[in-house]
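Undergrad: Here you go, sequence then predicted model.
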Amino acid sequence: MRSTGYFVIELKTGKFQPEYAGKLNFYVALVDDKFKRAAHGATVGILICGSKNEHSVRYALGRSDSPMAVSTYTYDSLPVEEQKAVPGESELSAAFDQVDVPDKTSPD
């Protein structure tokens, strides 16, 4: 059974690029530093791209110490109702602006 923890999900519209793995690893490290507590499980990074090359993904993630995965998606293949449920860029930006980063020195 997995203890509580964080998932970092990054969505890219195009083909997977190896540098995306480095950026995702950066985000995972940031979450670990700012949010993760001793009781949390490992932070998991998930990168969702429009397409991927399995060899590129394998080499890009091969030396990562963090659990990360790369998957693909096609927005057009989503049912219409689910497409409507996906927030727009401005909604996502507004949501992130409201995130309050906890002080790591405060008690859990």
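TA: Thanks, I have the structure now.

Undergrad: Quick check: Y27 is in a strand.
TA: No. Residue assignment for Y27, taken from DSSP: H, G, I helix; E, B strand; the rest coil, gives helix, which places it outside any strand.

Undergrad: Which residue, neighbours along the chain excluded, lies closest to it?
TA: Distances taken as CB to CB, 6 or more residues apart in numbering put V8 closest to Y27, at 4.8 Å, once the chain neighbours are dropped. Every C-beta, even on glycine, is put in place using the N, C-alpha and C of the backbone.

Undergrad: same question, S64
TA: For S64, the closest residue by CB to CB, 6+ apart turns out to be N25, at 5.8 Å.

Undergrad: Report how many residues lie close to that neighbour.
TA: The burial count assigned to N25 is 19, neighbours taken as other CB atoms under 10 Å.

Undergrad: ditto for K12
TA: Other residues within reach of K12 by the criterion other CB under 10 Å amount to 19.

Undergrad: wait, it sits on C49?
TA: Yes. In this structure K12 lies within contact range of C49 using CB atoms under 8 Å: 4.6 Å.
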